[in-house]
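Student: quick one, what's the 3D model for this:
(chains A and B)
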Protein chains: 2
Amino acid sequence: MSTSSGTNEREEGLTFQPKFDASGLVTCVATDATSGEVLMVAHMNDEALRRTIASGQAWYFSRSRNALWCKGESSGQTQRVVEMRMDCDQDAVWIRVEQVGAACHTGRRSCFYRAVSGGEGGAQLTLVDAERLFDPKEIYRK
Amino acid sequence: MSTSSGTNEREEGLTFQPKFDASGLVTCVATDATSGEVLMVAHMNDEALRRTIASGQAWYFSRSRNALWCKGESSGQTQRVVEMRMDCDQDAVWIRVEQVGAACHTGRRSCFYRAVSGGEGGAQLTLVDAERLFDPKEIYRK
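Tutor: Numbering: from 1, shown residues only, chains lettered A, B, ... in the order given. Model prediction:
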């Protein structure tokens, strides 16, 4: 355990001081404010954090597209932030959201639509939520 | 949207094929199986995933200590995995756990014990769960 005053202030203080990784990002977990279900895990940079806090709508930073994005800007499936929390070392954010429609780009409510189970031949996945709330081909067509 | 068959199989298939980052890790979110509260965000490497699936106890990989660890091995605050799920692109894992005591090394039930609020002078934190279920100095003493 580090007991430096910097660590102590970050963990015990009330100063908002996100600990960004080498790419300038923190991890963000979005859960459904009503059901508690984990909807998605994504990343925020400093600007995404600022915009989320200021607007009450979830903004993220896409590593694959290297771009800031407002959740739902293409799909209409927005996330209104009910509560935002910071973890002990301030490198992860938890937002409880009111999700319009589906959080996942595949059209499912949550990105976590498959369960993992063990077995003789190794781990396998089982579909636990097959329902698509929208058709990705329609939503994301060019 | 990538529409390569590799992406499609990873997103739509039932083959367990975690997408590890450059450091060989996936992100893991642990929630309380009863309350739905997010307890912690941590990382797993291939071995931590295997051991978690095989044992039903949460194993992680510590980036700061560069070591595999079984949650609770020092503190006794173990996590029994009730369900494990994989996200769409298989770079994040969600485990619903029965948490013994506290998940956070500070002694709090959850690592997310502070809420973020906006304001004129920028974002601030508010303590939402001050209670320590153990004394870190006692638990982690050398």
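Student: and the residue of chain A closest to chain B?
Tutor: Using Cβ to the nearest Cβ, the closest approach of chain A to chain B is made by residue A:36 at 2.4 Å. Glycine gets a C-beta too; all of them are placed from N, C-alpha and C.
Student: give the contact list for the closest residue to that residue other than its chain neighbours.
Tutor: Leaving out its chain neighbours, the residue that sits closest to residue A:36 by Cβ to Cβ, 6 or more residues apart in numbering or on different chains is residue B:36, at 2.4 Å. When contacts are counted by Cβ atoms under 8 Å, 6 or more residues apart in numbering or on different chains, residue B:36 touches A:31, A:35, A:36, A:37.
Student: any idea how far residue B:54 is from the residue in chain A sticking out farthest from the centre?
Tutor: Here chain A reaches farthest from its C-alpha mean at residue A:120, the gap being 33.2 Å by Cα atoms, centre = their mean. Going from residue A:120 to residue B:54 by Cβ to Cβ, to the nearest Å gives 12 Å.
Student: do residue A:78 as well
Tutor: In this structure, residue A:78 and residue B:54 are 40 Å apart, going by Cβ to Cβ.
Student: counting neighbours, go ahead and name the busier of those two.
Tutor: residue A:78 (16 against 11; other Cβ atoms under 10 Å in any protein chain shown).
Student: burial check on the closest residue to that one other than its chain neighbours, number of neighbours?
Tutor: Nearest residue to residue A:78, sequence neighbours excluded (Cβ to Cβ, 6+ apart): residue A:72, at 3.3 Å. Neighbourhood size, residue A:72 [other Cβ under 10 Å]: 17.
Student: got the residue ranges for the helices in chain A?
Tutor: Applying DSSP state H to chain A gives helices spanning A:5-12, A:46-55, A:136-139.
Student: buried residues in the second one?
Tutor: When you say that, I think you mean helix A:46-55. Going by neighbour count (16 or more other Cβ atoms under 10 Å in any protein chain shown), the buried part of helix A:46-55 is A:48, A:49, A:51, A:52, A:53.
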